[in-house]
Structure formats: structure tokens, C-alpha cells
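In: What would the 3D arrangement of this be:
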Amino acid sequence: MGRREAGSAAIGDASGSNRPLTNRSSRLAGGVDDALTSLAALSVGVAALATPIVLQSRTVDAPTLRAALEMMLTLFALAGAWLLRAQFTSSRRLRDLQLAAAALVLGLINLVIFAVPAALNLRDGAYFGAAQLWGRLFMGGMFAAAAFMPADWLVTRRRHPLGIVTALSAAGLAMAGLGGLTAGSLGANSLAITSGRPLLVALVVVEAALLAYAAVGFIQRQHAEEDGVAGVVAFALILLAGASFANLLAGSLVPGRLGANEALRTLAFALILFAAVVRERHVNARISKATALAERRRVARDLHDGIAQDLAFIAAHGPRFVEELGDDHPVVIAAKRALAISRSTISELSDPDGATVHESLQAVALELRDRFGLSIVVNAQLDRDLSASEREHLTRIAREAIANAAGHGGARNVIVSLRHTDAGIALRVIDDGCGIARADLPPAPEGFGLRSMRERAAAMGGQVNVRQPAQGGTELEVVLP
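Out: Predicted structure coming up:
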């Protein structure tokens, strides 16, 4: 990427007009892609709404097959939630946790309200029909929250995620269970759009609107972050919205039957599972690259501390060797060549071409995690990579901050985030250690580590801020213009 950008800059400087043309072409291509995605989403939405109407009479009474299908959909959703957990574990973003929790609630509601009644062949489906509507209403709200939640909201405490997921799951099941008590007012076993049930119509419209609203949010995320997985989730939510609309058709919630509703839900659940698999593969690939980079840096450090030091000692006595052996003696030439090769190898191993700032920070996190026994999460959200110098400075600052959190603060959990802000690029290192000194104590003099971080930030035109969050610990922030 770096070489291609450099080549484009050189061509633009030579021609004087190619750069604006390239920018206009890029914006035009991006606009075309956005238009195509929006058109595809609109087409899927129209098809999802039309399918239940066209296939209204094409239903099959198959209780056994319906039970097997519902159990399969439950497994799809639960497996998707488990795989999406890897994304949150890597990023610690609240919106990733919310998406995993939404998939989990979707699976639990499908298990309790769909799969179990179908397996037990409970023909009196009025209660479960109403429970389905209220449960999916709650699930639609969760997906909408995940779609529009800011990317910089992080879950800093280790135990909070489990509590959040447990509370959301319990709330979703409770809402579905209590909603089943409204079966009488909904007429949940003989639904029809002309049945004169205003609560039913309002409930279905709100549910479908929430899912469509969430789909819009994920499509916007795909455009802004070039996240194809978000687009897949958006299409799944559009299909779920169509399935919700099908609830207004006569007999749509009658147990033991298969129709358009089940077809749309099957496609939607399959897309959610596919998106979760792709996301988990991306996370594993990034961790694998960071692990390889960390190993390269370990080898480079071993070379620097071992053979490179000996070669440097030999090179330091080079003038003496030249006087005694001559400048063209094979020993002198071999020593100079070996030192040059070792330095080049160490430099290449430490900062290989193609390593992004995210991968560099992840490599540091893996290295220090093993050294200090910490839980370190890296969350980098940049639309462009940094220069080699900026990447090196920020990586060293992050390394020093993490080491300070472990050595001086006694931290057990550290979150490293890198993102764009109104002021520029911000690197934040948050830990759960003992924090900085109390306000009633005289300030301690800054150590060498913090002075080094300030010097590195100043060399890039930035500044370092250290503060203690309200929940405790220490937060170090480096802001680059």
C-alpha cells in the first residue's frame, strides 16, 4: 500500500493534474459502490416484503420438519454469537459486544419460543405466537443499538461483558415471556391484516421498522468503514424484517407449518452465521500476523543482544586490524560485511515492510502479555496507515505505557486504542491498576519512561496527557495533529 501511494504521488507531482483526477475517480467509484449496495438492499427489502404475500397459500403442515428447522436455526444463531465473541475479545468495543449479545438473544428466543414448542408439538400456539412477536421486538432493538453505537465506546472492565450479556439475555426472555400474556388481545393464533387488531399491527410495524433501521445503520457502517461483514448483517436484518411483516398474514404463527416466514428466517440466520464466520476468520488472521511479527521482533532482539554485539566489538577494533592485517584482508572485510548484514537483518525483522500500525501494536501486546501476564486488547480504527516513523514512535510509546501499567500500576487488564478524533490521531492506553498518585499527595517527579514518551510525542508534533478515570486505573493519551 505504501509503495502504491508513493508511486501515485510521484505521478501526480509530475503531471500536475493526475492527483485531483484520481481523487475524483475514487470518489466516483465509491459513490457507484454505495449506490449499488443501496439498490441491492432495496431490492432485497422489496423481495422480502413481497414473498410472504405471493407465497401466502404455499404452506406445508410438517410438525417434525418444523421442529428440526427451528433447532437448526437456534444452533445457527448461538454459533454466530459464539464466533462474534472473538471480535469483541479482540476490540473490546461495546458495539461488538452488543452485536454478539443480539445474536445470542436471537438464538435463545428461537430456542424457547420456537424450537421447544415445535419439538413438543404444542398445537395451542396463542401464547407462543404472542411471545414470538414481543421477543423479536426486543431483539430488533438490540440490533438497532449495535448498528448505531459509537465505535469508540469501550468496555474497560473485565467482568462487565458477562454482566451485560446476562442482563440483556434475561431481559429479552422476560419480555417474550410476559408478552405471551397478551395473546388474547393480539389474536395470535388467527392473525390477518384485516383482523382489526391495532396492537398487533402496531407491534409488527415497530418490529419491522427497528430491523430496517438497524439494516440502514449496518449499511452506513459498510460504506464508512469498508466493512463487508456489516453489509451481510444488514441483508440478514432486511430478511428478518420481511419475516416480521409476514406475521400480519393469516395463519402465519400457526405451529407446525412451514411457509414464507420460515424461508426468510432461514436465509437471515444463515447470513448471520456466515458473517460471524467471516469476522472470526478476520480476527484470527490478524492475530496470526501479529504473532508472526512478535516472533520476528524477538529474533531481532536476540540477534541484537548476541551476535550483533560481538560484531560491533570486532568492528570497533577495525582500525587496529587494518594496521596489522591491511584494509583488504579477508578478516577485516568479513567483519564489516557481517556487521552490515546483521544490522540490516535486525532492522528488517523489527519493522518488516507491509506491517500496519495495528499489527505492530498487536505484536507488542502479545509480547508484553506473555512477559507480564496481562490481558491486553488492541483496538485500532484508522482509515489510513501511518508512516514508518510515526508507527515506530507510537509503538514504543504504547510499549512503555503498558510496561508502566504492569510494573508500577499493578494492572491486570490494559486496553490500547488508536483512532481519529477532531484533534487528530489519538492513542489511548487504559489500565485497571492502582492509578496515579492521590491529589492530596505531592506530585512525584516524572520518570524516564514518561519523559521518553513525551519526547517521542513532541517529535511528531503531539502531546501526552495522563489522567485517572472515574472508575480508577490510569489513562494515557497521545494526540497527534
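
In: lowest-pLDDT helix or strand in the chain?
Out: Sorted by mean pLDDT, DSSP states H and E, the helices and strands of the chain end with helix 2-15, the least confident at a mean of 36.

In: and residue 415, bridged to which residues?
Out: As for beta bridges, residue 415 partners with residue 377, residue 430 under DSSP bridges.

In: ok, it - contacts?
Out: With contact taken as Cβ atoms under 8 Å, 6 or more residues apart in numbering, residue 415 is in contact with 92, 154, 156, 376, 377, 379, 428, 429, 430, 431. For every residue, glycine as well, the C-beta is placed using N, CA and C.

In: surely the second one meets residue 378?
Out: No - between residue 154 and residue 378 there is no contact, the gap being 11.5 Å when judged by Cβ atoms under 8 Å.

In: Now list whatever residues contact both of the two.
Out: Joint contacts of residue 154 and residue 378 (Cβ under 8 Å, 6+ apart) are residue 417.

In: Looking at those two, which is more packed in?
Out: Applying other Cβ atoms under 10 Å to residue 154 and residue 378 shows that residue 378 carries more neighbours, namely 26 against 19.

In: now the more buried one: how far from residue 401?
Out: Distance of residue 378 to residue 401, computed by Cβ to Cβ, to the nearest Å: 12 Å.

In: now swap in residue 146 and tell me
Out: Distance of residue 146 to residue 401, computed by Cβ to Cβ: 30 Å.

In: Could you check which of the two has the larger neighbour count?
Out: Neighbours around residue 146 and residue 401, counted as other Cβ under 10 Å, are more numerous at residue 401. The numbers are 28 against 24.

In: any idea which helix or strand carries that one?
Out: Assigned by DSSP states H and E, residue 401 falls within helix 388-407.

In: Name the residues of that helix that are buried.
Out: Neighbour-count burial for helix 388-407, counted by 16 or more other Cβ atoms under 10 Å, picks out 390-395, 397-406.

In: Show me what it packs onto, helices and strands only.
Out: Packing contacts for helix 388-407, counted by 3 or more Cβ pairs under 8 Å, 6 or more residues apart in numbering; DSSP states H and E, involve helix 357-372, strand 413-421, strand 424-431, helix 448-459, strand 474-480.

In: what does the longest one contact?
Out: When you say that, I think you mean helix 357-372. Applying Cβ under 8 Å, 6+ apart, the external contacts of helix 357-372 come out as 286-287, 289-291, 293-294, 297-298, 351, 355, 374-378, 380, 382, 385-386, 390-391, 394-395, 398-399, 402-403, 406-407, 414, 416, 418.

In: by how many degrees do it and helix 388-407 diverge?
Out: Counting by axes from the mean of the first three to the mean of the last three Cα atoms, to 10 degrees, helix 357-372 points 30 degrees away from the direction of helix 388-407.

In: Over to the third one?
Out: Note on geometry: by the same axes, to 10 degrees, strand 424-431 and helix 388-407 are set 20 degrees apart in direction.

In: other SSEs contacting strand 424-431?
Out: On a contact count with 3+ Cβ pairs under 8 Å, 6+ apart, strand 424-431 meets helix 388-407, strand 413-421, strand 474-480.

In: Next, the buried residues of the second one.
Out: This points to strand 413-421. For strand 413-421, the neighbour count (16+ other Cβ under 10 Å) marks 413, 414, 415, 416, 417, 418 as buried.

In: Could you give the average pLDDT over that strand?
Out: Strand 413-421 comes out with an average pLDDT of 85.

In: Equivalent analysis for stretch 108-119, please.
Out: Taken as a whole, stretch 108-119 has an average pLDDT of 87.

In: next one: stretch 127-141
Out: The model assigns stretch 127-141 a mean pLDDT of 86.

In: okay, now the nearest residue to residue 425 once chain neighbours are set aside: neighbour count?
Out: Counting by Cβ to Cβ, 6 or more residues apart in numbering, residue 480 is the residue found nearest to residue 425 once chain neighbours are left out, at 4.5 Å. Other residues within reach of residue 480, judged by other Cβ under 10 Å, total 18.

In: Tell me who's in contact with the residue lying closest to residue 427 once chain neighbours are set aside.
Out: Excluding the flanking residues, the one nearest residue 427 by Cβ to Cβ, 6+ apart is residue 478, at 4.3 Å. With contact set as Cβ under 8 Å, 6+ apart, residue 478 has these partners: 394, 397, 426, 427, 428, 453, 457, 462, 463, 464, 465.
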